[in-house]
Structures are given as C-alpha cells and as structure tokens.
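Trainee: for reference, the sequence and a predicted model appear below.
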Amino acid sequence: MAPEPFTSDRFGFPMLWVNCIGAYLQVLPVTKVQLEYFLCDARDGHFERRWYDSVLQLNPRTTARRIWRDNYWQAFATGLLPSEAERVAAWCGSGYRLPTKTEWVGAFAELRAHSDLNLLSTAARWAKDDRARELLGRLDLALRDAASTSGLRPGGEVLSAMRLGAMEWVRLEFGEPGRWGALGEPNPRFFGNLLVPERGDLLTRQEIDSERHHAFGFRMVYDPRVAASANLHDDEKGEPS
Amino acid sequence: MKRLWRWLFGPKLEDDGPTKTEHNFGGQVPSRLHIDDDVALASRGSEENSVETTEPTPVAYLPSLEVVSLPGHGKTSYIWALLYTLRRIDFLLPEYACWPENEETSAAIVRLHEAIGAQRLPRSSKGNAEEWYRLLLRRVGPYGARPLTLRDRSDALFSPDLTAETEDEMEMEDHPPVHEAYTGAQTVCWLLSLADLANEETDVLDLRLDRLIDASRRSQPSTLTVPLKLILAFSKADRLADLPAGLRGELKDDPVWQAMAAEAQVQTWAGRRGQTPSWGEVAFKSYLERMWGIHLTLQAWFCRTTSGRLFMERARARQVEVRFAMVSATGGDALGKSNLGMPWAPRRVLDPIFFSFSFDLPWSR
C-alpha cells in the first residue's frame, strides 16, 4: 500500500513522504515552537533555561505574527549541536533520526521537482497543532517574498526552506571527513554563502560538531518501518510502546 | 565585438623583448625564469633587486590600483584573496608567472598564504599601519606583462563623518590624514559592501564619490588632471540577498575558483600538478566577456535605486569612468570570530584587476 503523502510528527507538525529516502521528512527545519514543546517535556538536565538562553543569543526568538521576509529564520531552532539534535530525535520516539548527506541531497532534488507549488498550505492541513498552522502560513508568505527578492522560483526546495532556510546538520557516511556536516543554502542575510546544494556542497571540518553556529539547525527523518518494528519488539517483550 | 575586445584588453604590453636579463627577485623566481626587458623597465626601480646593486635606492611608489573602502567592508580580505589567487593561477594561464618584487612583499605573501591555509581572517587595519605589495606579473593573457603595486591601509577618505568640511575635521584617531590617505593612483577600486551599509549611508554614496574625486585631483601633481577611473566592486557579494539570481550564479560558478578547487583536488589525490586544463585565448576571452556582462548587469541593478542613479549621475558629471564588479573574498560568512572555519573560496577577485589593466596606458621605453 502506498504511504500517505503527509503525516505529522510528535509535535503535530507536518512531514512529507520522500521517495528517495523511503521515509517521511519534516516539511520545515525544526522550529523554536517544536523545540519549546520538547524543552517543556524533556527530563534531560542538559536542556535547562540557561542552555536555551545561550541558544537564543545566537538566533533570537520571534513570534509567528512578527515573521516576515527579513527575519523568518528566527523561527527555526538553530545553534544546536548535532548531539543535541539527536537527543531531540530520540525524544520523538523510534524511527526518528537526522538524515544522511545522500538523503538530504536526494530530498532536495525531489522537492525541487515537486509539482505542488502550494506545499506549505497543503502540508498545513496535516498539522495537528494550531501554532503549527499559523507558523506554516506565515513562513509560506515570508519564504515566497524572500524568493521573489532573490529572483528565485518558489519551488518545493524554497518553500521547505532547504534553500533560503538554515544550514542543516546531516550525518556523514563512511569515507567522509568527520561524522557531521551541514548542508543548505541559507538566506544570505542570515548566513552569507555561495553554496550549491544541488552539488552537495558541504560545510564540514574537524570539530565542527563541537561549536555552536547561529545558522545551523536540523530537520528529522521519520521511518515508519523502523517505528513499527520497534513497537513489535516492545510488544514481544510485553513493554508498553 | 572587436571594439569590445580592444576595450577589454586595452593596450597590450609586448613582453617578448629580444634581450633577456637575469635578475634576482627576492629568491622567488624559478632558476630557469628570465625576465623580459619590458618587465624590468616597467617594474620602476627594481634595480635594487638586481645582482649587481648592493645598496637599495629608496623609490617613491605609487599603487597601480588604489583599493579604498569604508571600515569593515573587507579591504584586507580582498587584497589577501587577490594576492592568493594571483599566486595560485600559474597552472591556468600558459607561461604566466607572478613573483614578488622585493623581500618585504615576499615575506608578506608567505604570511598571508599561511594565514589563508589556516583559515584565519585578517585583523582590521588601524592607525598608520600599512602594507605594500609589489608584484611582477608575466603573460597575464592578452594583457601581457604587468607590474602590480597595492597598498593596504585604513582610509580616511571614507571617514564616517561626512559633514566634516576640512581635512583637520576629517582626521580621526584611528585614521591617517586625508592628504596622506590617497597616493594619486589614477585607477581606484572602491570596495563597497552593500550588506553592511545602513540606509542613511546608502543615501550619501554620491557625496562619498565627490570626496574621492576631490582627493584624487588634489593628489595629482600636474594641473592637467586625468579623469579618475573607478571600479566599484561590491564586496562580500555572498551576503547580498537581493542580488539577481544570474549574478549569484556567476559568483558560484566562477571559473577561476572552480579551476583552483579542481587543481587542489588533483594535488591532494595525485600529489602532482598540471592535471587541470589551462586556459587558451578563447577561454580567457570568454572570461572577460562574462566580466563585461556582469558589469552591465550590476550597473542596471545598482541604478534601480535612487542612490544608485544619483551616484551614476555624479560620476558622469565629473567625468569618472565607472566599471562594476562583485567580489567575495572568502566565499561565505565566518563560522568563528577570528577564524573563517572553512577553506577560503575567493570568487571573481580578479575582475577589478583586469578592469584596471584595461584602463592602463601603455608604457614606453
């Protein structure tokens, strides 16, 4: 049976089925709204108020109503280390993880060729959270406006903020230098760059994953097969899923 | 097309002199390299470097291209990226060579190459500290042999206080006096980072141009002043969000940078050089035609705003010939405070130099 084109993540934000990954990918990078849901629930002492303040210093917070062309990147949760992003994914449950470089580049190409030029408004119907719907609506307008300023077509890769969004952490494969890298083509006002995501231009170096960068965020992949097999495993052990 | 070709290349300096003289250029020249007479003549006072001369004669140098900018607009980074690129493209141009004319330049270039290799960023230039770079270039495509003198120094020309009427008022604690800030070069490259300009600063660009022209006129020794040639180079172009997509594409796909990156890859994997195909006449011509296309597109883009139109009107009224270029010295924002955090990836940094070569008058014996 073909999978549904969209689903929603644990936060109630939409995820899109991406054929080349064979899994769902978050339509947008993880936002501060999602991160705050996580912070409210996380029992991890690492994610305390002071930690969040230090993250907000790098990329301040804004409310959905104040989002526009010149600040929409403030909606994204950036400044996290990849290890912290992984802990957010682990909190979301089994099947959630950060994408690999190949998956990210494949998803970029697929979204670029996406025929639905109303990606965010379609995705908003799958959102289970009012704050998510409001945020998606505002980001849709801001990203279209930013694309028009840059002379870009508002295709799927722009509306999903893979282009004009933030740098996104990706897991590197065997043979690549280091364990983590970052892909994307952020808005030049947010992070000046001449990266070409189509070519897989990667920002990476030794110890890149130990320093916070204001423009580095992440998005998650959700593989329902992994989640199903984990649930089955839990059922066999008699543990609640 | 012929006219455009002549304009782009300008008067060619013949570098095939019949007599060859061997010089010691600070120990930087390969042993088999012979310097043409024209180059030796054009180097203006390079005799202090010759083997026979023991006592160097002090010479008052003029920059062949005066690079000016507002503080923080990336002048030092640009000069670093330019010198780095000029030294790295020897595999690209047949028989091209670039070497320092004196020991100071040689040492400075070694320092900046080390810094770029370590992904360090330059510190901001302050006070009267200045760095001179004197280079000799051989067979720069159709431009032939050229000496290149650059100076890196903080500018009082672009004092933030535009209301100052006199030079005394314009003098600031961290900047040299205006009359010293300008050396009288006829070609000026103004690095302008639009991303770092506040709205009110953008509104007075034409007034800043006036100040530049006045300083140029004052510094010229003759009463027969030569009209200023200006290259307005938009620096930190990677940060320009409203740059047309085509221009951004030109930055991303800068053929010089791509060739340098490919050559670096070859060196890494094969441990030897010369694998990247060099440019023939057609490739160089194609590069210069694209450079001209970028100039026209940038001019139209800049003149879409009132301040841009005012700037161009002022330039026309004061007979300033303007060329537009865009450069990105580092290829992106820094990931650290004093460290770029990724390899330097300079884009289109040669364009201002090629424009200045095409402006130059021919040398004569």
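Mentor: Yes, it's here.
Trainee: name the residues of chain B found near chain A, please.
Mentor: B:195, B:236, B:238-246, B:248, B:251-252, B:328, B:331-333, B:335-336, B:341-342, B:345, B:347 (CB under 8 Å from any CB of the partner chain). Backbone N, C-alpha and C define where each C-beta goes, glycine included.
Trainee: could you tell me which of these belong to helices?
Mentor: Within these, residues falling in helices by DSSP state H are B:245, B:246, B:248, B:251, B:252.
Trainee: and which of those is nearest chain A?
Mentor: Chain A has its nearest neighbour among these in residue B:245, at 3.9 Å by CB to the nearest CB.
Trainee: looks like the closest one contacts residue A:149 (just checking).
Mentor: No. The criterion here is CB atoms under 8 Å, and residue B:245 misses it with residue A:149 at 10.4 Å.
Trainee: more neighbours, those two?
Mentor: In this view residue B:245 and residue A:149 are compared by other CB atoms under 10 Å in any protein chain shown, and residue A:149 has more residues nearby, 16 against 12.
Trainee: surely the more buried one and residue B:241 touch.
Mentor: Yes. Counting by CB under 8 Å, residue B:241 is a contact partner of residue A:149 at 6.1 Å.
Trainee: for the chain, what spans make up the strands?
Mentor: Looking at chain A here, since you left the chain open. A:6-8, A:14-18, A:23-26, A:96-97, A:167-171, A:180-183, A:216-217, A:221-222 (DSSP state E).
Trainee: nope, chain B please
Mentor: Under DSSP E, chain B gives strands at B:20-21, B:35-36, B:66-69, B:97-100, B:130-138, B:146-153, B:187-192, B:229-234, B:321-326.
Trainee: which of the residues of chain B next to chain A count as buried?
Mentor: By neighbour count, with 16 or more other CB atoms under 10 Å in any protein chain shown, these hold B:195, B:236, B:238-241, B:243, B:248, B:251-252, B:328, B:331-333, B:335, B:341-342, B:345, B:347 as buried.
Trainee: the spatially closest residue to residue A:96 that is not a sequence neighbour: neighbour count?
Mentor: Excluding the flanking residues, the one nearest residue A:96 by CB to CB, 6 or more residues apart in numbering or on different chains is residue A:89, at 4.4 Å. When counting by other CB under 10 Å, one arrives at 20 neighbours for residue A:89.
Trainee: now residue A:89: how far from residue B:148?
Mentor: From residue A:89 across to residue B:148, the span is 53 Å (CB to CB, to the nearest Å).
Trainee: pull out the buried positions in the longest helix seen in chain B.
Mentor: Counting residues, the longest helix found in chain B (DSSP H) is helix B:281-302. By neighbour count on 16+ other CB under 10 Å, the buried set for helix B:281-302 is B:283-285, B:287-288, B:290-292, B:294-295, B:297-298, B:301-302.
Trainee: may I see the buried residues of stretch B:70-77?
Mentor: Going by neighbour count (16+ other CB under 10 Å), the buried part of stretch B:70-77 is B:70, B:71, B:73, B:74, B:75, B:76, B:77.
Trainee: correct me, but the first one touches residue B:192?
Mentor: Yes. Under the contact definition of CB under 8 Å, residue B:70 touches residue B:192, with a separation of 7.5 Å.
Trainee: pass me the low-pLDDT residue ranges in chain A, would you?
Mentor: Low-confidence segments of chain A (pLDDT under 70): A:1, A:206, A:234-241.
Trainee: chain B contacts on that one?
Mentor: Counting by CB under 8 Å from any CB, chain A sits next to chain B at A:146, A:149-152, A:187-189, A:191-196, A:203, A:205, A:208, A:211, A:213, A:215.
Trainee: list phi and psi for residue B:235.
Mentor: Torsion angles at residue B:235 (phi, psi; degrees, to the nearest 10) stand at phi -80, psi 170.
Trainee: give the contact list for it.
Mentor: B:69, B:73, B:74, B:75, B:78, B:191, B:192, B:193, B:327, B:328, B:329 (CB atoms under 8 Å, 6 or more residues apart in numbering or on different chains).
Trainee: report the contact partners of the closest residue to residue A:15 other than its chain neighbours.
Mentor: Counting by CB to CB, 6+ apart, residue A:15 lies nearest to residue A:24, which is 3.8 Å off, once chain neighbours are set aside. With contacts defined as CB under 8 Å, 6+ apart, the neighbours of residue A:24 are A:3, A:6, A:7, A:15, A:16, A:17, A:18, A:221, A:222, A:223, A:224.
Trainee: could I get these as a markdown table with distance to residue B:136?
Mentor: Shown next, in a markdown table, are the contacts of residue A:24 (distance: CB to CB, whole Å):
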| residue | distance to residue B:136 |
| --- | --- |
| A:3 | 66 |
| A:6 | 64 |
| A:7 | 65 |
| A:15 | 61 |
| A:16 | 58 |
| A:17 | 61 |
| A:18 | 56 |
| A:221 | 56 |
| A:222 | 61 |
| A:223 | 61 |
| A:224 | 66 |
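Trainee: residue B:141: neighbour count?
Mentor: The burial count for residue B:141: 21, using other CB under 10 Å.
Trainee: quick one: pLDDT of it?
Mentor: Here, the pLDDT recorded for residue B:141 equals 87.
Trainee: how much space between the spatially closest residue to residue B:152 that is not a sequence neighbour and chain A?
Mentor: Using CB to CB, 6+ apart and skipping the chain neighbours, the partner closest in space to residue B:152 is residue B:131 (4.5 Å). Between residue B:131 and chain A the computed distance is 25 Å (CB to the nearest CB, to the nearest Å).
Trainee: equivalent analysis for residue B:132, please.
Mentor: Relative to chain A, residue B:132 is positioned 29 Å away (CB to the nearest CB).
Trainee: so that residue is in contact with residue B:104, correct?
Mentor: Yes. Counting by CB under 8 Å, residue B:104 is a contact partner of residue B:132 at 6.8 Å.
Trainee: hang on, the earlier thing: need the max-distance pair from the buried residues of helix B:281-302.
Mentor: Between any two of those, the greatest separation by CB to CB is 28.3 Å, found for B:283 and B:302.
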